[in-house]
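[1] I would like to see how this sequence folds:
(one chain, ligands or ions: 2)
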Amino acid sequence: MTEAVLGIIGGSGVYDIPGLENPRWLPIESPWGQPSDAILFAEYEGLKLRFMPRHGRGHRLAPNEINYRANVDVLKRAGVTDLISISAVGSLRDELAPGTFVLPDQYIDRTFARATSFFGSGIVGHVAFGEPVSARLTGVISAAADSAGVTCHAGGTLVVIEGPQFSTRAESEMYRKLDCDIIGMTALPEAKLAREAELPYATVAMVTDYDAWHPAHEAVDVQAVVTTLAANRAKAQALVGAIARTFPRTLEDDPARSALAHAFMTAPEVRSPGLLSRLDAVAGRVLGNGNGK
Ligand SMILES: CSC[C@H]1O[C@H](OP(=O)(O)O)[C@H](O)[C@@H]1O
Ligand SMILES: Nc1ncnc2[nH]cnc12
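    Ligands and ions are numbered 1, 2, ... in the order given. Prediction:
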């Protein structure tokens, strides 16, 4: 039986995971450039964990400056088999008040200036993305939240904007009309790249504010986000602890693990050798040139 290795990407306010066994920060090189930081390798009651602070320790990188490809690549090189991301988000619904946890099952991409794929320019590939979130991981997180007494809303649409500015009121109202539930700046292209790397992925979103649409609340600013994150830190840590405690120690089936089975269009004889070698970790399983598991 293959061992599961849980990857966690920490968002705003989450730059470390306290309480892990044998923690060590190890830099990993990527042919895709500079990742946000080293990876924190650790264990927890027999589970292998690998943690990456998305904005870097100290929050050095804006959402539009993050090298999402390098981050996913190094997590895959570190042996990660399942990826859970943590994000601070705004609420587009009255009932999703600050402090609420949401597990979105759909994303809408409003980013426009990011590298969104490992493929193209010599090796063209298209992955299915109709169901962008692992239903299995969502189930694991929901059960962990129940065990920790943390309320988590399963389901909802997360719209991802380019940032780094927050939205205008007109944009915020438009996203509500589009039936979006929460708003953030980082789940895409992260989720798309995780799918290309055949990593099951789910977002744990913590609502920190009412964005810019709510007549009874000031438009979001960083102070509001930071205040809500601080007020809910213990709850967030309890949830992460429960996920680590209950996460299956052996690999479970997931459709994302075979996302690349029929993805590539480019004929083998004309595939770019340079790109082929950069894809060793992400797609070695199907391109036959690397350690992709
Ligand atoms: C500090 S508010 C805006 C910032 O917070 C969220 O980051 P993350 O998803 O990494 O928690 C949002 O996407 C923005 O990057
Ligand atoms: N209102 C908001 N818009 C985009 N990203 C956010 N992260 C936290 N709150 C946000």
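
[2] where does whatever residue of the chain ends up closest to ligand 2 fall, helix, sheet strand or coil?
    Closest contact between the chain and ligand 2, by C-beta to the nearest ligand atom, is at Gly90 (2.3 Å). Using the backbone N, CA and C atoms, a C-beta is placed for each residue, glycine as well. Under DSSP: H, G, I helix; E, B strand; the rest coil, the three-state class of Gly90 is strand.

[3] let's number from 7 now, not from 1
    Will do, 7 is the new start, and the previous item becomes Gly96.

[4] Just list whatever residues bridge to it.
    For Gly96, the beta-bridge partners under DSSP bridges are Ile189, Asp215.

[5] Flag every residue of the stretch 157-299 of the chain that's near ligand 2.
    167, 172, 189-191, 214-215, 217, 226, 231 (C-beta under 6 Å from any ligand atom).

[6] how close does the closest residue to ligand 1 within the chain sit to Ile114?
    Closest residue of the chain to ligand 1, C-beta to the nearest ligand atom: Gly17 (2.3 Å). Here Gly17 is placed at a distance of 18 Å from Ile114 (C-beta to C-beta, to the nearest Å).

[7] which one of the two has more residues nearby?
    Remark: of Gly17 and Ile114, Gly17 carries more neighbours, 25 against 16, as counted by other C-beta atoms under 10 Å.

[8] Can you say which helix or strand has the nearest residue to Glu35 once chain neighbours are set aside in it?
    Using C-beta to C-beta, 6 or more residues apart in numbering and skipping residues adjacent in sequence, the residue nearest Glu35 is Val80, 7.7 Å away. Here Val80, judged by DSSP states H and E, is contained in helix 74-83.

[9] right, is that helix up against ligand 1?
    No: Helix 74-83 stays clear of ligand 1 (C-beta under 6 Å from any ligand atom), getting no nearer than 11.0 Å.

[10] Kindly report the same for stretch 39-51.
    No: under the criterion of C-beta under 6 Å from any ligand atom, ligand 1 is not reached by stretch 39-51; the shortest gap measures 9.9 Å.

[11] Just the buried residues of that stretch, please?
    41-48, 50 (16 or more other C-beta atoms under 10 Å).
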